[in-house]
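Participant: Here is the input, now give the coordinates:
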Amino acid sequence: MRGIRHAVLVAVFAIAVQGGGRCDARAEALSIAAVAGLSYLEVAARPAVTVRGQVIALRPAADGEEIVVEDAGGGIRVVVNGRETTVDGPAPSLEPGAEVEVSGTVGPGGFSPLLHAVRIVVTGHRALPTPRRCDPEGFFSGSEECRLIEVEGIVEQAWREDGDLHLEIQTAGRLFTAIVSADLLASLPEVEGAPQRLVDAVLRVAGAASSVCNQRDEIVRPVVRVDRREWFTIIEPARDPVFKTAAMSLESIGRFRPEAAGGHRVRTFGQVIHAEPGQTLFLQNGHSGIRVGLGAGAPGSAERIAVGDNVEVAGFLDRSGGVVAIRNATATRFAAVTKPVALRATPAAILAANGGARDPAMIAAPGDYDGCLVSFSAHLLQAQPTIDGGVLLLRAVDAIVTVEADRDTYAAIAGTAPLSVVEVTGVATVEREPPGRSGAALPRHLRLLLRSPADFRLLHRPPWWTPARLLAVLGIVGVVLVTALGWALTLRRQLVAQTRLLASEMRSRRDAALEFEATLRERNRLAANLHDTLQQTIGGIGFQLDACASAGDGKGFDVNRHLTVARRMVDHAATELQGSVWAMRSLPLDGKPFGEALRGLVSRVAEGHDVVLSVRTEGPFGDVPEFVSGTVLLLVQESLHNALKHGSPKTIEVTVTDDPSLGTLRAVVSDDGRGFVVRAAAGPHDGHFGIQGMRDRAEKLGGHLSVRSRPGGGTTVEAIVQRREYDADLDTPTPRLE
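Facilitator: Model (predicted):
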């Protein structure tokens, strides 16, 4: 049979595809039960089907209207859209009772499939069948969806909503909703004016069944829509007016009674220990407590009932939890307000009292504290905010307790430090394990509901040396020790590096000073040699040339012109040699101020050249070591020689600055000569060592030398050296050349 059904579905899918999504009227019709039995994946594919049945209900929908069609095996909801659905036939009316053939596509519809009609053919009209008495299990599981059924039960709530009458009815210990249409209420005057008269009455209702489902497409509660007079019958009116039934004490609620309550409401009394206006009351009498849920629109539900009031309630027993509660209740106050007295009981004692349910013969005495106002002290472990308030975690002896608080209460107590000793007062609720083989629901956890900030009292603050703080202090000390050790190692490495650098710098400076001193001594030695040998020789050559000129006059050979030239050359060589000798001897200051020594050097180097010189010194120059100032003079001398030899300048400016604040000597030699391209200048590889030698001298004294020039724009040589203190013996004056 299942194979045949799948074969038919495949054929229907093929027809739907070929027809571009519209159903072919010649397609073989399926039963509604077959369509309703499609899997979720099959429904999601939106197959095209044709069903036949009778309209049993008509309802408005967002995009048109919705009809409920039933055949012998099941029912289905059909969406009728005026723009997309064609309705034809001899009797095109879609009122309840119409027999129709519907072709369309099936899709998800909230719990049960939904048929989107493309074409509806009305084939006739007949009276609706008698509603069928449903099976309660099938009714609450949803298998009676879209069927015309009949159900009996006791009304627990009644209220008006959007003109319709909503009834919450109990049958077989479970609740369903019956919705009586506003049109039908007009024919029920005794109900329309006072729907609360139906509470606790026994009704029989009939209509098309539907379901309220959740986000997982699971049934939450079945619904019956009543829209015909014959489908609404009061079998038994409410027994007695509210609060006229016999009252029973809180401790006897839910216990054995020889007479059956039959699901009707019960009446009890107690003191209010907590109230959520219009929603929930917690009543207590001695060691017995109970949770009471107020019914919507019931008398007394809107009455302002305060904590401490003594009230009577009439409602229906709710056995769905671990302990019996009352739901859909009506409450009225009968005594003045008195402050409730909390029961002193430790969490361990409360759980132990509830643990007596392991043995049915052991009943908690005098009570189990569940639903009662209790008080105990404990240590606060943690506070955590929630959407509607907050949760506290407490540790008592042998028990962990969860404490719930509303937003205002939590805001007032959230700042309490963990591990504080606190006293809490609230309504106790025992969470239980699912019933075991014995049927007993064993206690699992204790929860406490705080009613106000006054239910929370700080007894002792936690000691300062908490484990967390001790760990924090140890952690900080550890971090400080590690940081100090790391810093010490870093400083040691930096000290070693700086020591090595300083030693290297001192060696470099001493080497530079020694090299300078050796250079001066060598230059003076060379000057003496040149003075004693080469200059004397050139003078002798001049003397011989003069004698030769005198002897050659009588031979008729004109040698005067050549001898004159030779004489001029010798004079020029002697002059140049004398200048060189003086230049090499002038570097030591010989006790003269630096400015005077600089001007003497410049005048001697420029002697015989047609150039305008300007010399300027800035600074004290009083404590500059002589070999440092001598090196600066060498740098100035070399710069002047290069300018006069290669630049043909008209003016040369020499400026030397002593800056004690920076610890430097700065020498600048600028000319307006031909200039040159610095990067293209000849260097050591070409046999020219002038600029490189000057740069080496500056760097050995911890400074640097720069040359700026361009063709036709003159040349500027700038040298900066350090004027630091050196060994005193390095400044020993060099013997002068006489």
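Participant: Do I have it right that Val374 meets Leu343?
Facilitator: Yes. In this structure, Val374 sits in contact with Leu343. The criterion is CB atoms under 8 Å, and the distance is 5.0 Å. Bear in mind the C-beta positions are built from the backbone N, C-alpha and C, glycine included.
Participant: Would you mind telling me which of those two has more residues around it?
Facilitator: More neighbours sit around Val374 than around the other of Val374 and Leu343, counting by other CB atoms under 10 Å; the figures are 26 against 20.
Participant: Distance-wise, check the closest residue to Asp398 other than its chain neighbours relative to Val403.
Facilitator: Distances taken as CB to CB, 6 or more residues apart in numbering place Ala348 nearest to Asp398, at 4.6 Å, with adjacent residues excluded. From Ala348 across to Val403, the span is 16 Å (CB to CB, to the nearest Å).
Participant: Hmm, Ser614 and Ser603 touching each other?
Facilitator: No. No contact is recorded between Ser603 and Ser614 when judged using CB under 8 Å, the distance being 11.8 Å.
Participant: quick one, strands of the stretch 101-250 of the chain?
Facilitator: Counting by DSSP state E, counting those that start in this stretch, the stretch 101-250 of the chain has strands at residues 114-125, 132-133, 148-161, 164-171, 174-180, 202-213, 219-226, 232-236.
Participant: can you pull the contacts of the closest residue to Gly73 other than its chain neighbours?
Facilitator: Across the structure, with CB to CB, 6+ apart as the measure, the residue nearest Gly73 apart from its sequence neighbours is Ala33 (3.5 Å). Contacts for Ala33 were tallied using CB atoms under 8 Å, 6 or more residues apart in numbering; they are Asp71, Gly73, Gly74.
Participant: Now list the buried members of the residues you listed.
Facilitator: For the contacts of Ala33, burial is judged from neighbour counts taken by 16 or more other CB atoms under 10 Å, and it is met by Asp71, Gly74.
Participant: Tell me how many other residues crowd the spatially closest residue to Asp200 that is not a sequence neighbour.
Facilitator: Leaving out its chain neighbours, the residue that sits closest to Asp200 by CB to CB, 6+ apart is Ala238, at 4.2 Å. Using other CB under 10 Å, Ala238 has 19 neighbouring residues.
Participant: thought Ala238 was touching Gln196?
Facilitator: No. Under the criterion of CB under 8 Å, Ala238 lies out of contact with Gln196, with a separation of 9.1 Å.
Participant: And this structure, what are its domain boundaries?
Facilitator: 2-125, 132-236, 250-335, 344-427+435-445, 463-585, 593-731 (automatic domain parsing).
Participant: tell me the mean pLDDT for the longest one?
Facilitator: When pLDDT is averaged along domain 593-731, the result is 85.
Participant: I'd like the numbering to begin with 9 instead of 1 from here.
Facilitator: Got it, the first residue is 9 from now on, which makes the last one we talked about domain 601-739.
Participant: re earlier: could you dump the strands of the stretch 109-258 of the chain into JSON lines with mean pLDDT, mean neighbour count and distance to Val108 added?
Facilitator: Conversion of the strands of the stretch 109-258 of the chain to JSON lines gives the following (pLDDT from 0 to 100; neighbours: other CB atoms under 10 Å; distance: least, CB to CB, whole Å):
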{"stretch": "strand 122-133", "mean pLDDT": "90", "mean neighbour count": "19", "distance to Val108": "5"}
{"stretch": "strand 140-141", "mean pLDDT": "92", "mean neighbour count": "12", "distance to Val108": "20"}
{"stretch": "strand 156-169", "mean pLDDT": "92", "mean neighbour count": "20", "distance to Val108": "15"}
{"stretch": "strand 172-179", "mean pLDDT": "92", "mean neighbour count": "21", "distance to Val108": "26"}
{"stretch": "strand 182-188", "mean pLDDT": "93", "mean neighbour count": "21", "distance to Val108": "24"}
{"stretch": "strand 210-221", "mean pLDDT": "92", "mean neighbour count": "22", "distance to Val108": "15"}
{"stretch": "strand 227-234", "mean pLDDT": "92", "mean neighbour count": "19", "distance to Val108": "19"}
{"stretch": "strand 240-244", "mean pLDDT": "92", "mean neighbour count": "15", "distance to Val108": "26"}
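Participant: got the contact list for Ala322?
Facilitator: Val250, Phe251, Thr253, Arg273, Val274, Arg275, Ala337, Thr338.
Participant: Show me the beta-bridge partners of the nearest residue to it once chain neighbours are set aside.
Facilitator: Distances taken as CB to CB, 6+ apart place Arg275 nearest to Ala322, at 4.5 Å, with adjacent residues excluded. In this structure, Arg275 bridges to Ala255, Ala322 when assessed by DSSP bridges.
Participant: I'd assumed Thr253 was in contact with Arg275.
Facilitator: Yes. With contact defined as CB under 8 Å, Arg275 and Thr253 form a contacting pair (4.9 Å).
Participant: The helix or strand containing the residue nearest to Asp406 packs against which elements?
Facilitator: Following DSSP states H and E, one finds Ala356 within helix 355-362. The elements that helix 355-362 packs onto, with contact taken as 3 or more CB pairs under 8 Å, 6 or more residues apart in numbering; DSSP states H and E, are strand 381-394, strand 407-414, strand 429-440, strand 451-457.
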